[in-house]
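K.L.:
how would this look folded up:
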Amino acid sequence: MTQFEPFDAVVECAVRLLGLSMARLRLFDSRQRLRVMAYAGRVVKAEDWRIVPIGEGFAGKVAAGSEPVWVPNVRADKHVRDIPWVREEEIASLAGLPLFAAGRRLGMMAVGSREERAFAAEERELIQSYAAMAAWKVLPHQHVVEQGRFDAAK
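P.N.:
Modelled structure (predicted):
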């Protein structure tokens with residue numbers, strides 16, 4: 001088992017079980033910056049991902065908050081439509097979910113679809129439940145990120 005296998009399983013299951021086009025898992029390092037730890041689905045330029053400070057950009061704002069952010073129509077949302085990876089990966093609908101477990105803020109998970117989705121109440125509940133389970137799956141391995149024992153996302 002590699003140090004990233006638990007993280008990979010989280011995003012791969014999100015894509016497969018939730019019928020999404022992509023999922024990314026960003027976790028806080030020891031300096032409270034978000035790092036991409038795993039991804040699944042269509043990815044254009046993984047090598048261009050950067051470390052994101054809390055509160056900056058879509059990922060940083062989601063991780064700093066306490067509620068999911070739902071964007072059913074990316075092209076109509078001025079806050080996300082110009083994010084390079086969203087545009088390049090042709091994401092039509094996007095959701096960002098802060099990850100919490102055992103009273104700790106762990107990071108965030110972004111999930112997206114290349115098809116526009118309304119994110120109906122039932123689907124939102126399912127995605128939020130999955131994010132909560134993902135946080136508990138990640139929690140025992142958070143030390144890998146916090147102690148800087150990693151090289152790159154994949």
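
K.L.:
mean confidence for the helix or strand harbouring Leu34?
P.N.:
Taking DSSP states H and E as the criterion, the element that holds Leu34 is strand 33-41. Rounded to a whole number, the mean pLDDT of strand 33-41 is 87.

K.L.:
Adjacent strands (with direction) for it?
P.N.:
Strand 33-41 has these partner strands in its sheet, going by DSSP bridges: strand 22-28 (antiparallel), strand 52-53 (antiparallel).

K.L.:
So which of those is nearest Ala95?
P.N.:
For those, proximity to Ala95 was assessed by C-beta to C-beta; strand 22-28 is nearest, at 9.8 Å. C-beta coordinates here come from the backbone N, C-alpha and C atoms, glycine included.

K.L.:
coming back round to it: in TSV: the strands paired with strand 33-41, plus mean pLDDT, distance to Lys78 and mean neighbour count.
P.N.:
Listed next are those as TSV, based on pLDDT from 0 to 100; distance: least, C-beta to C-beta, whole Å; neighbours: other C-beta atoms under 10 Å:
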stretch	mean pLDDT	distance to Lys78	mean neighbour count
strand 22-28	90	21	25
strand 52-53	89	19	18
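
K.L.:
So for Ala92, which of these sits nearest?
P.N.:
For the strands paired with strand 33-41, the distance to Ala92 is smallest for strand 22-28, at 11.2 Å, taking C-beta to C-beta.

K.L.:
Tell me how far the closest one lies from the chain's centre.
P.N.:
Average the C-alpha atoms of strand 22-28, do the same for its chain, and the two points are 3 Å apart (C-alpha atoms, centre = their mean, to the nearest Å).

K.L.:
next one: stretch 103-114
P.N.:
Centroid separation for stretch 103-114 versus its chain: 4 Å, with C-alpha atoms, centre = their mean.

K.L.:
mind listing what's buried in that stretch?
P.N.:
Arg105, Leu106, Gly107, Met108, Met109, Ala110, Val111, Gly112, Ser113 (16 or more other C-beta atoms under 10 Å).
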